[in-house]
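Participant: just a sequence and a predicted model for now, questions to come.
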Amino acid sequence: MPKQKRRRARAPASQPRRRRRKQATSIITVGTQVAVANAITMGLFNSNLGDFLTGRRDGVYRAGMDGGSRLTLPEILGAGAIAFGGTYASPGGTPQRGYENFTATVVTNFWKNLPMMGAQVIGIPIGVRIAKKALSRSIIGPTNKLIRKVGISEVKL
């Protein structure tokens, strides 16, 4: 007796097909990812995420001005008068120990900042998950309902 092919079960014609809708972007998830990215840039480059991306420090563009452990993206990419890869000389003109080149600078920063960076990269998502569970019924759920009533379906807490 030949084997018969299995047929997929179909929903009855009276029931409409189930439609998938696009997942809403979670503000809490985005905030968590930004906080973790900030912890990583602080650990590897001694610069917070905003300063790393823009090359600013205290509101002034200062990429490559410290000549040591603090790196920014414009400094690494060689923006302006800065050499490609950054400047690693101390204010006196000679390289500081551990900051001779890009790799040595990142490795030195990594080992100096490892405990704090590790605690933040592991602790931030755990803390957010705990807070999310604790606040889901009292704050997050009602706020998401209010956001949907207003007509915003692409964003949620």
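Facilitator: Sure thing, it's come through.

Participant: when you work out contacts or count neighbours from here on, use the C-alpha atoms and nothing else.
Facilitator: Noted.

Participant: please enumerate the strands of the protein.
Facilitator: Ranges of strands in the chain, per DSSP state E, are 25-26, 56-57, 60-61, 155-156.

Participant: R6: which of those strands is closest?
Facilitator: Closest approach to R6 among the strands of the chain (CA to CA): strand 25-26, 39.2 Å.

Participant: contacts for the closest one?
Facilitator: With CA atoms under 8 Å, 6 or more residues apart in numbering as the test, strand 25-26 has contacts from 154-157.

Participant: just the buried subset of those, written out for ChimeraX, thanks.
Facilitator: Those of the contacts of strand 25-26 that count as buried under 16 or more other CA atoms under 10 Å are selected in ChimeraX with:
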select :156,157
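
Participant: what's the closest of the contacts of strand 25-26 to V121?
Facilitator: Nearest to V121 among the contacts of strand 25-26 is L157, at 21.1 Å by CA to CA.

Participant: I figured the closest one was touching N144, is that so?
Facilitator: Yes: L157 is within contact range of N144, at 6.2 Å (criterion: CA atoms under 8 Å).
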